[in-house]
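Asks: how would this look folded up:
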Amino acid sequence: MIVLDRRYKQPDIEEIWSQINKLRKWEQVELAVIKAREELGEIPEGTYEQITGRLAKHPINESSVKWTNKRDDIIGHDLNAAVDERRRWLPKWLQKYYHEGITSYDTEDNAFVMMLSESLLIVNKCLDGFDLAMLAHVNKYWHCIKGINTHGQLAELGTEGSEKLSWLAELRASRESMDEDYQRLNFGKLGGATSHYHTISPEEEKQTLKILGKKVFYGATQIMPRALYSPLAAILAQIVRQLDKFATDLRLGARSGLPLYHEGKGKKAVSSSVMPQKRNPNKLERIQGMADMAESFADMIAKTVKTWEFRSIEMSSLERNAWPDLLHVVVFALRDMTRIINKLEVLPDNMAKILILSGDTWAASRANVFLRKYLAQKGKRGLKSDHIYRIVQLASYISDEPSQAAKNMREELPASLSESCRQIRNLRKQGMATPPSIKSIIETGGLKPMPNVLDFSEDEINDWNKRLRELFAKHEIISEWDTVFSMDDALQKIDIIYETVIGAPAPGCLA
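Replies: The predicted model follows:
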């Protein structure tokens, strides 16, 4: 196995993929073959009981592992070495029944799938834990209003809970895909060296797999087709990449300035060796490394699909390393992200400040729809749809217009550090004023030319202002216009998302 740093190894995954557990699984398959043959009347009655009884007195332990490894060093075949280790505890007249008429991968493939199945039970428990953590976060912050970004820009209104619900829905979809791929682990093969039943019968294969809780995969070669398992590796890597996506969003929200989050840390934790003010999101950053590793391991596993004809061995070394290491990474990432979500510090006040400083541009799309309703082209009096869009766009740019001190800093670059310091002091004295709302700019006909950003003449803009003042002179229009900028109204339909994804009523109602 590739040696992972001690931080990332997971003890329960380590135990499943340990050599001692693998040898025990091999023994389990070998004994199932003996039991099946006895049940079919092909070997003397009591054979299975005698063999299991004798082997139970010498269970597989660390001594067995050492003996097997020493034997493997001599013969260069770990499965045969393991068979020899088990046979050494049996009298000669019973030895012939152990590993009779089956090939190495009749044993190894079924044991491999059993180990993979056990690992996925752990992955599922971790997914359960992350799901619960996310659902608790969604419920806690369902009514915490914030701006939703697209392309890194404020788009529309949402809540911290509704935003994170999209994560939950996305990961649940991947989990459904994983569950579908998991069903392929219900199949196995025990058809001999080419699965053509030269040394074992179809009935023996079927009965053995029944004992192991599996069904026959007809059409196997000397091994099970790795195309059955490669998609499972891919979806596991995808899940970690999704965690990376979530972690990246939290990292973006944790940047200095107006942070939305702080990664929860212990009271004695240190982010930087020299900068005490730093609150680096180290664990969130680490998730990206986990995703990169997971994709590399999944890519290795994808290469095991190809083998020469009915069998070649190059895939063996790949999957012996890639599968356990992939599972270590998946389980680590899920557990780490669960801890991060549980300890995440959310800053609703900064979310509110961003909305206040936005000049109500979160409602721009709603304002656009509203103005189209009343100003869209109707004969010669209406405006083109593009012009209505430009009205809202221009109002947004006016709202975002910098103060005079800020303009000076943009236009008059300092010639010295002292000059730059002076500009910063002037800006500090001026204070951070709240920008005008696009609501008031539009309803008062307060548009003005901004030739540096939009190419419309003063006459066109004057015409737009005239039409806007005429429109908003009507009391009933003002009342409806106020609703456009009502946060309650904008968010009144989001509960349907919760109810559909979670299958339960949303927590409370927006006040």
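Asks: secondary structure class for residue 155?
Replies: Recorded secondary structure, residue 155: strand (DSSP: H, G, I helix; E, B strand; the rest coil).
Asks: Name the nearest residue to it, ignoring sequence neighbours.
Replies: Excluding its sequence neighbours, the residue lying closest to residue 155 (C-beta to C-beta, 6 or more residues apart in numbering) is residue 148, at 5.3 Å. C-beta here means a position set from N, CA and C on the backbone, and glycine is covered the same way.
Asks: Any idea what the one you found is bridged to?
Replies: residue 156 (DSSP bridges).
Asks: And the pLDDT at it?
Replies: pLDDT recorded at residue 148 is 95.
Asks: hang on, it packs against residue 164?
Replies: No. Between residue 148 and residue 164 there is no contact under C-beta atoms under 8 Å: 11.3 Å.
Asks: what does stretch 75-83 rub up against?
Replies: 23, 26-27, 30, 68-69, 71-72, 98-99, 104, 107-108 (C-beta atoms under 8 Å, 6 or more residues apart in numbering).
Asks: Quick one: mean pLDDT over it.
Replies: 96.
Asks: Kindly export that stretch (C-alpha atoms) in CSV.
Replies: The C-alpha coordinates for stretch 75-83 follow below in CSV (Å, rounded to 0.1, in the frame of the first residue of the first chain):
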residue,chain,number,x,y,z
ILE,A,75,7.4,-19.3,-4.0
GLY,A,76,6.4,-15.8,-5.2
HIS,A,77,2.7,-16.4,-4.9
ASP,A,78,0.9,-15.0,-1.9
LEU,A,79,-2.4,-16.9,-2.3
ASN,A,80,-0.6,-20.3,-2.6
ALA,A,81,1.5,-19.3,0.4
ALA,A,82,-1.7,-18.6,2.4
VAL,A,83,-3.1,-22.0,1.3
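Asks: How about the contacts made by residue 39?
Replies: Here residue 39 is in contact with residue 207 (C-beta under 8 Å, 6+ apart).
Asks: Show me the shaky parts of the stretch 151-300 of the chain.
Replies: Where the stretch 151-300 of the chain drops to pLDDT under 70, the residues are 266-273.
Asks: all helices for it, in order.
Replies: Taking DSSP state H, counting those that start in this stretch as the test, the helices found in the stretch 151-300 of the chain are 160-182, 202-211, 230-253, 282-302.
Asks: Let me know how buried residue 503 is, in neighbour terms.
Replies: A total of 7 residues lie near residue 503 under the criterion other C-beta atoms under 10 Å.
Asks: Now do the same for it: its pLDDT.
Replies: Note on residue 503: pLDDT of 93.
Asks: Next up, phi/psi of it, please.
Replies: phi 80, psi 30 (degrees, to the nearest 10).
Asks: quick check: longest helix of the chain.
Replies: In the chain, assigned by DSSP state H, the helix with the most residues is helix 104-140.
Asks: tell me the angle it makes with helix 160-182.
Replies: Calculated by axes from the mean of the first three to the mean of the last three C-alpha atoms, to 10 degrees, helix 104-140 forms an angle of 160 degrees with helix 160-182.
Asks: any idea how far helix 104-140 is from the chain center?
Replies: Distance of helix 104-140 from its chain centroid, counting by C-alpha atoms, centre = their mean, to the nearest Å, is 14 Å.
Asks: what does stretch 82-98 give?
Replies: Here stretch 82-98 is found 47 Å from its chain centre; the criterion is C-alpha atoms, centre = their mean.
Asks: what about it, start to end distance?
Replies: 11 Å (C-alpha to C-alpha, to the nearest Å).
Asks: for stretch 179-196, same thing?
Replies: Terminal-residue distance, stretch 179-196 (C-alpha to C-alpha): 31 Å.
Asks: What residues sit buried inside it?
Replies: 181-182, 184-185, 187-193, 195 (16 or more other C-beta atoms under 10 Å).
Asks: Mind checking which of these land in strands?
Replies: 187-188 (DSSP state E).
Asks: neighbours around residue 42, how many?
Replies: 13.
Asks: gap between residue 491 and residue 346?
Replies: 18 Å (C-beta to C-beta, to the nearest Å).
Asks: again with residue 255
Replies: Computed as C-beta to C-beta, the residue 255 to residue 346 distance reads 15 Å.
Asks: of those two, who's got more company?
Replies: residue 346 (18 against 11).
Asks: Identify the bridge partners of that one.
Replies: residue 261.
Asks: can you pull the contacts of it?
Replies: Counting by C-beta under 8 Å, 6+ apart, the residues that residue 346 touches are 141, 144, 160, 260-261.
Asks: Max pairwise distance over these: which two?
Replies: 144 and 261 (11.9 Å; C-beta to C-beta).
Asks: Of the two, which one has the most company?
Replies: residue 261 (23 against 17).
Asks: Now do the strands in the protein.
Replies: Going by DSSP E, the chain shows strands at 145-150, 153-159, 187-188, 215-216, 261-262, 345-346.
Asks: what packs against the longest one?
Replies: Contact analysis of strand 153-159 by 3 or more C-beta pairs under 8 Å, 6 or more residues apart in numbering; DSSP states H and E lists strand 145-150, helix 487-490 as its packing neighbours.
Asks: what angle do that strand and helix 104-140 make?
Replies: Using the same axes, to 10 degrees: strand 153-159 against helix 104-140 is 80 degrees.
Asks: Identify each buried residue in strand 153-159, please.
Replies: Those would be 154, 156-159, for strand 153-159 by 16+ other C-beta under 10 Å.
Asks: For these, work out which two are farthest apart.
Replies: 154 and 159 (14.5 Å).
Asks: Put together TSV for the strands of the chain, with distance to residue 395 on each row.
Replies: Listed next are the strands of the chain as TSV, based on distance: least, C-beta to C-beta, whole Å:
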stretch	distance to residue 395
strand 145-150	17
strand 153-159	15
strand 187-188	63
strand 215-216	66
strand 261-262	31
strand 345-346	31
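Asks: can you tell which of those is closest to residue 329?
Replies: The closest of the strands of the chain to residue 329 is strand 261-262. By C-beta to C-beta, the value is 24.1 Å.
Asks: same for the closest one, what does it pack against?
Replies: Judged by 3+ C-beta pairs under 8 Å, 6+ apart, the packing partners of strand 261-262 are strand 345-346.
Asks: Could you rerun that using 10 Å?
Replies: Counting contacts by 3 or more C-beta pairs under 10 Å, 6 or more residues apart in numbering; DSSP states H and E, strand 261-262 packs against helix 230-253, strand 345-346.
Asks: returning to what we had before: out of the buried residues of stretch 179-196, who's nearest residue 285?
Replies: residue 181 (29.4 Å).
Asks: Distance check, that closest one against residue 231.
Replies: 5 Å.
Asks: How about residue 504?
Replies: 32 Å.
Asks: Output the below-cut-off pLDDT ranges for the stretch 401-511 of the chain.
Replies: In the stretch 401-511 of the chain, residues with pLDDT under 70: 509-511.
Asks: just the helices in it please.
Replies: Using DSSP H, counting those that start in this stretch, helices in the stretch 401-511 of the chain cover 404-411, 417-430, 438-443, 458-471, 475-484, 487-490, 495-502.
Asks: Adding distance to residue 335 and mean neighbour count as columns, could you present these in a markdown table?
Replies: Shown next, in a markdown table, are those (distance: least, C-beta to C-beta, whole Å; neighbours: other C-beta atoms under 10 Å):
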| stretch | distance to residue 335 | mean neighbour count |
| --- | --- | --- |
| helix 404-411 | 46 | 12 |
| helix 417-430 | 44 | 12 |
| helix 438-443 | 45 | 22 |
| helix 458-471 | 56 | 16 |
| helix 475-484 | 45 | 12 |
| helix 487-490 | 37 | 15 |
| helix 495-502 | 23 | 15 |
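Asks: Which of the ones you listed sits closest to residue 290?
Replies: helix 495-502 (25.6 Å).
Asks: Alright, calling it a day.
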